[in-house]
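[1] pasted the sequence and its predicted model underneath.
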Amino acid sequence: MEYFFQLFFAGLTKGSIYALIALGYTMVYGIIQLINFAHGEIYMIGAFTALIVAGVLSVFNLPVAAIFVIVTLVAILYSSAYGYTIEKIAYKPLRNAPRLSALISAIGMSIFLQNYVLLAQTSDFLPFPSLIKEFEFLRPYNHILSSSGLVIIVSTFIAMVLLSLYIKFTRMGKAMRATAQDKKMALLLGINVDRVISTTFVVGSALAALGGVLIANHIGQINFFIGFIAGIKAFTAAVLGGIGSIPGAVLGALILGWTESFSTGYISSDYQDVFAFILLVVILIFKPSGILGKKTDQKV
Amino acid sequence: MFSEIKKSLLVSVWFMFLTFPIMVVKVNTIENTIIWRWENLVLVGFGSFFLSFLWRFMHNKKATKRRQDYKDALSKIFYDNLIENKKVFVPIIIALIIFILLFPKLFSTYQVTIMTTALIYIVLGLGLNVVVGFAGLLDLGYVAFYAVGAYTYALLNFNYDISFWVALPLAGALGALAGILLGFPVLRLRGDYLAIVTLGFGEIIRLVLENWGEVTHGPSGIAGIERPNFGFDLSIVGSINAIYYFVFLFVLVTIFFTNRLQNSRIGRAWVALREDEIACQAMGVDKTKTKLSAFAFGATWAGFMGAVFAAKTTFINPASFTFLESAIILSIVVLGGMGSIPGVILGALILILLPEYLRAFSEYRMLIFGGAMVLMMVFRPQGLIKSKRRRYNFESMSKKQLKERQNAASS
Amino acid sequence: MQPLLEINGLTMDFGGLRAVDNIDFNIYSKEIVALIGPNGAGKTTFFNCVTGMYKPTSGDIYVYADGDNRKRVNGLKPNKVTELGLARTFQNIRLFKGMTVLENVMIGRHCRTHANIFAALMRTKRIVREEYESASYSYHILERVGLHAFANEIAENLPYGAQRKLEIARALATEPNILLLDEPAAGLNPQETENLIDIIKMLRDEENISVLLIEHDMGMVMKISERITVMDYGKKIAEGTPDEIKENPDVIKAYLGEDVDA
């Protein structure tokens, strides 16, 4: 039973990270029907920025909690800036181009960013300093759920709540929903669609950066390639839940997290990634609209 | 003018801010040292300042002429003055063939190896071009078929001592089979989902190769694969040259076949499917069958080249078949010109040879590939050389005349 | 008389919405029939059901291929329906934009030709002949609709009216018995519409093709149709000759609303 709970929380932790990334995919897809291939790289850049800022801050004698907060905020700032810039450079000029062109541009952007970090930093795995002190009350359960794991679960939960409030109640959130429904109509109603799209990228990137910081802190090392696999898996989660649907992305991410942790725990750890990919392929083939997604027919 | 400078200054400041942590600061978290590289900040500042002028210039140019872009200067020179002008085309082709044939005599074995690699990529590019360029199916797991071919020959040779010449057609056939097996379930999917599923499939194949140690020897791969036997004893150098000639022959065959298909009933249906799937079906084209044929045909070349690659390097392991490889082949197709056979050939030569000969450039290879893919899509989606639609021979033939002709031919 | 196309009780639901409601409909040899109705009446959905784009919820669609040979086409794929002699055009033009005009028409020949991959690779004598015939017959069709001067143009660069005609030419290349035109005159100027009417009449008189068209241009509908069917809210509300339809109170109500006198 203890093993079960260990796997349960491992899956929940993983799922939370996937959820943070998956939201960016699903929001962007919902609005401009583009798989933002470079989204995984935004997450990686978030983690790298965090590592760099933590390194610089280590010179000053700050409390670890303060460092954690500053690092997270700077990472979010930078990832959002990257998300914003990428949209302006690689996607905005292609808004009326065939979808294949935008997708290829996104793939190019992803390759570019990976190699940008590889060349400017390093190809090695870098150890990430531990920024979260062990919580006293968790000590007896440490083998089931670590403190950093708990922080991941709690922060993800808070981020989700904030995001749903934002989308539900703010002006921009409403504009986002309207644009996702019908871009042309939103434009006619005087919604600044360009700004909505930019904001979507910024919000999605911020969430990914949060995920990047949290996972780097949890696992303890990063390199330039972490965005690729995480990106595909988060995309799997978004599709699983129904792309374009925000609760769907969270649900899909949790299911994926648990699938991975239980299958590696009870079956074999060699094929951990294979399970995720097989899940992706199976979902797309048999239920491309996902669990909570709406079925969209092409208009004739 | 002043506002232009102001704009570029803003861009430059923005990029200095954006790239600051990653370009300037380098921390070593083990030894707790920090390196500040301020020179990079200056570089980014000046670079982005000037590039932003160029960006806007290109952007304006693109906006002003949209309608005629299918007659762009480069493609026009290429087709009108080169390909379609027999007086120029024939001598150039003859000179080129002589150069390629003499290549091993003129250059070192090392150069020949590189050229062989470039030729392999031409075939791979042309194969993927059928799938992505003609049929418009974005296949991000093309390397899986390459792996199938390579492992087919490697395993058959390692376990059963089967020769290259027997394994080669098998590799092609298994590549095609893998294409059909993958294609059958996934080709119903919309374009962007198809891309992700093929990517996932490519990764599954690689992970299986890595983890199924009893059969594939895992990450350490298979060594000591035999070079092909050309019927007479060859030194290693001779054998490398022989493989070079063989691959060159293969390139010719591939060009010949893909060109024929492009202008056939099947090839037209591929392109039509890319242009408008719904209309294409309504005009009587079987969507599934047509897509599947493109997928399988493209995969066949990857299968062949896989076997050639295994024979050439005599050693393969799963690391040769990562997503990166698919991305390189895709950039060859995209940069060269989707659907354009001469474009893809040029793309392969540029992308494979340039990094080899400009050593300084090779480190930045993937960075430039990625950036170029974005820029190409934004400014020149047709690629270096745009594909050109064929002209047909015809007379006017009414239905009655058509039926009469058909009856006469069948009796 | 035996129809070419026989439709009984055709119904199509989208979730809770009944877009096409229990429609009976026949088309006979060599006639021009119009399907009219206010926007959203379900006309295009009806087209999509008949041509295999949608699978109808219930009802039967039969095509009489050659003579007595009746074939149920519900749920057949669009390409199979086209093979049975039903070809269509689209309301929002859907050409193969990057291909030449001639090639667009040649795609229509796809289902009437046979070259497979291997034959195309070998370029056998038969294939060479088939290709030549494809191009030649396609060119002939372009002549019939008056687009032959544009044969080697890229389809995207054609003027709007010519693009509409190209869609018809492309459909003709499939050798249909029935041609379904979805708003062929939309966006055309009066001369172009006149030209279109001539083409449609020519198809009936010289090529023995029956034409079913959806159209909002009432002048054109009244001028060329032998029969008109009117749809509203998915139901067939009237059927008859142009003169009968003009006088029909239900039709007037559907077009002008209930409170016409108020």
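    Looks like it came in fine.
[2] the residue in chain C positioned nearest to chain B: how many residues sit nearby?
    Proximity of chain C to chain B (Cβ to the nearest Cβ) peaks at C:Cys111, 3.0 Å away. C-beta coordinates here come from the backbone N, C-alpha and C atoms, glycine included. Around C:Cys111 there are 21 other residues, counting by other Cβ atoms under 10 Å in any protein chain shown.
[3] hmm, stretch B:43-61 touching chain A?
    Yes - using Cβ under 8 Å from any Cβ of the partner chain, stretch B:43-61 reaches chain A at B:His59.
[4] now do the contacts for residue 154.
    Answering for chain A, as no chain was given. Listed by Cβ atoms under 8 Å, 6 or more residues apart in numbering or on different chains, the contact set of A:Val154 is empty.
[5] wrong chain, I was asking about chain B
    B:Ile222, B:Ile225, B:Ala310, B:Ile316.
[6] list the contacts of B:His217.
    B:Asn317.
[7] what about A:Ser123, which SS state?
    Of the three states, A:Ser123 takes coil according to DSSP: H, G, I helix; E, B strand; the rest coil.
[8] give me the pLDDT for it.
    Per-residue pLDDT puts A:Ser123 at 85.
[9] confirm for me that it is in contact with A:Asn223.
    Yes - in this structure A:Ser123 lies within contact range of A:Asn223 using Cβ atoms under 8 Å: 6.8 Å.
[10] and those two? which has more neighbours close in?
    A:Asn223 (17 against 11).
[11] okay, now the spatially closest residue to that one that is not a sequence neighbour: neighbour count?
    Nearest non-adjacent residue to A:Asn223, counting by Cβ to Cβ, 6 or more residues apart in numbering or on different chains: A:Phe125, 4.6 Å away. A:Phe125 has 14 neighbours, counted by other Cβ under 10 Å.
[12] what does B:Glu84 give?
    B:Glu84: 11 neighbours (other Cβ under 10 Å).
[13] and it, what does it touch?
    Contacts of B:Glu84 by Cβ under 8 Å, 6+ apart: none found.
[14] can you list phi and psi of it for me?
    Backbone torsions for B:Glu84, taken as degrees, to the nearest 10, come to phi -100, psi 0.
[15] quick check, pLDDT for residue 226.
    This is for chain A. pLDDT, read off for A:Ile226, is 89.
[16] that's the other chain; I wanted chain B
    Model confidence at B:Glu226, given as pLDDT, is 85.
[17] residue boundaries of the helices in the stretch 301-411 of chain B?
    Here the stretch 301-411 of chain B has its helices, by DSSP state H, counting those that start in this stretch, at B:323-336, B:341-357, B:359-362, B:365-379, B:399-410.
[18] contact partners for residue 104?
    Reading this off chain A. B:Leu138, B:Leu330, B:Val334, B:Met373, B:Met377.
[19] not what I meant, chain B
    Neighbours of B:Pro104 in contact, by Cβ under 8 Å, 6+ apart: B:Val112, B:Asn241, B:Tyr244, B:Tyr245.
[20] ok and the residue in chain B nearest chain C?
    Closest point on chain B to chain C, by Cβ to the nearest Cβ, is B:Gly284, at 3.0 Å.
[21] isn't that residue up against C:Ala173?
    No - the pair B:Gly284 and C:Ala173 fails to qualify as a contact (Cβ under 8 Å) at a distance of 9.1 Å.
[22] who touches both of those two?
    Contacts common to B:Gly284 and C:Ala173, judged by Cβ under 8 Å, 6+ apart, are C:Gly108, C:Arg112.
[23] perfect, that will be all.
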